[in-house]
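K.L.:
Sequence first, then the predicted structure:
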Amino acid sequence: MNRVRDALLAALGRRTFLQAVAAVGVGGAAAGAVGAPAAARSKPAGILQPGKGPIRGRHYLRSRPDQVRWGYVPSTGSTPVLRMRSGETVTVDTVSHEGILEDQGRDPIAWFGARGVKRGDVLTDAVDIARTYARTTRDFDVDGPHVVTGPIHVDGAEPGDVLKVDMIEALPRVPYGVISSRHGKGALPRLAGGAVPAGIAEPEIMPPVATDGRPTGDPRRYGNVSVFTPVRTGRGGALTGVLPRGRKQVTFPLNPFMGMMGVAFADAPALTDPSLNSIPPTLGGGNIDINLLTTGSTFYLPVFAEGALFYAGDPHMAMGNGEVALTAMEGSLRATYRLTVIKKKGAPSVAFRYPFAETPDAWVPIGLSDPDGSLGGGQGTDLDVAMRRAVVNALDFLEHDLGMNRAIAYAYLSAAADFHVSQVVDRTVGVHAVIPKTHF
């Protein structure tokens, strides 16, 4: 036991070790009251308050109240909060929405404090955002939940280009996260008017609490569940999340990545125009929620505005494909990117019209059910549509970039490629393919 303690002390440092131990005990109690990719292997850097700890990028962007949008993404006419040259790096301190939302009291000090987190271990930028927006009106039923940081102007980017986003680093800023199911959403929701979705019975709806008649806009009407999830270091130095299993525990590997990375897509004059809602992903990326977009990955985005106007948000510590409960294990991250403008060549051909991803081991064509649905006309949530688009984008890549006959490429995808459900909870749902590079 002493060897385990000594190893944890060496990996975490005394302060963070004590915080993690306390959090495990408190997390089990709190959760009881409420009820893929490679694991991250990293030494947590303690509490990464703004400006403290390792900052790798040439540029550094904080999430100050005047540099974020809560629930909405930038438009093509938004004023940038940072300007940088193509090929430079930037470190962004992103802030999770968990702990500051309406159903959590809009007070992260109180919410996390009730779960054993010391006041000094709550991020000050999260506190500042919650306090600043407390003086404004937010519609819990309409506004997106995400704290969106940016936009960043990248010199030389013009409509028709591609912005290449290299994910250099994603560091947890705190040794805890939150997993939530709210709004009667998720894979097992209660539909509008109290209807039960096809394929399940009413007792199978999650969370199993009916809308209780409270007025629209009252966040207590949904029976929301938020599970506080501490982080600890497991065998081999892997970071893990910890959840209760009766009197025991279940642990799972962390895989920090940004759920939201995008460029301005919609032209809207109002900051809270429905076309800018942060929930649905678009042709400009945004809330894409693909858990392969971790350190070492590359995300390609078609550019729609001068300077691209890149933004980030929705930091995740871990997420399973599908994101079925509504959220991932949400937790604030310090993300470092290299942002590069690609003109005519140097990016997958698909990326000039559609988001496309790449890891060191695979190409990742993407399909969305309704990537321009935020512009009006409703929101399509048909996974079949997303699947078809992922297949077509994969075929286009194999044919035009790798030189395969299209019919042979179709056969190859059927025999050797995997298609994964990215998420089923963002109104516009997603599917992504994984094409191993070793096959080529």
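P.N.:
Sure thing, it's come through.

K.L.:
what's the weakest-modelled helix or strand in this structure?
P.N.:
Every helix and strand of the chain was ranked by mean pLDDT, DSSP states H and E. The lowest is helix 14-34, at a mean of 36.

K.L.:
Beyond it, next helix or strand please.
P.N.:
strand 59-61 (DSSP states H and E).

K.L.:
what helices or strands is that following strand leaning on?
P.N.:
strand 82-84, strand 89-93, strand 147-154 (3 or more C-beta pairs under 8 Å, 6 or more residues apart in numbering; DSSP states H and E). Placement of C-beta: from N, CA and C, glycine included.

K.L.:
Can you spell out which helices and strands pack onto the last one?
P.N.:
The helices and strands touching strand 147-154, judged by 3+ C-beta pairs under 8 Å, 6+ apart, are strand 59-61, strand 68-70, strand 82-84, strand 89-93, strand 310-318, strand 333-342.

K.L.:
That strand: partners in the sheet, and parallel or antiparallel?
P.N.:
With DSSP bridges as the test, strand 147-154 is paired with strand 68-70 (antiparallel), strand 82-84 (parallel), strand 310-318 (antiparallel).

K.L.:
Strand 310-318 and the next helix or strand after that strand, what's the angle between them?
P.N.:
Following strand 147-154 in sequence order, the next helix or strand is strand 162-172 (DSSP H and E). Strand 162-172 runs at 40 degrees relative to strand 310-318, counting by axes from the mean of the first three to the mean of the last three C-alpha atoms, to 10 degrees.

K.L.:
May I have the strands that pair with strand 162-172, each with its orientation?
P.N.:
strand 298-302 (antiparallel), strand 333-342 (antiparallel).

K.L.:
Identify each of the helices in the stretch 151-300 of the chain and give its residue range.
P.N.:
In the stretch 151-300 of the chain, no segments count as helices under DSSP state H, counting those that start in this stretch.

K.L.:
Now do the strands in it.
P.N.:
Remark: strands assigned in the stretch 151-300 of the chain by DSSP state E, counting those that start in this stretch are 162-172, 176-181, 225-233, 239-245, 248-253, 257-263, 285-286, 298-302.

K.L.:
nearest to residue 357, of the ones you listed?
P.N.:
Closest to residue 357 of the strands of the stretch 151-300 of the chain, according to C-beta to C-beta: strand 298-302, at 5.3 Å.

K.L.:
ok, and what's touching that closest one?
P.N.:
Strand 298-302 has contacts (C-beta atoms under 8 Å, 6 or more residues apart in numbering) with 160-167, 261-263, 283-285, 288, 293, 308, 310, 342, 347-348, 351-359.

K.L.:
Low-confidence regions, this protein specifically.
P.N.:
Within the chain, the ranges that satisfy pLDDT under 70 run 1-45, 134-135, 209-222, 376-379.

K.L.:
correct me, but residue 163 touches residue 342?
P.N.:
Yes - using C-beta atoms under 8 Å, residue 163 makes contact with residue 342 at a distance of 7.5 Å.

K.L.:
The closest residue to residue 266 other than its chain neighbours: what's it in contact with?
P.N.:
Spatial nearest neighbour of residue 266, excluding adjacent residues (C-beta to C-beta, 6 or more residues apart in numbering): residue 275 at 4.1 Å. Neighbouring residues of residue 275 by C-beta under 8 Å, 6+ apart: 75, 266, 268, 374, 375, 376.
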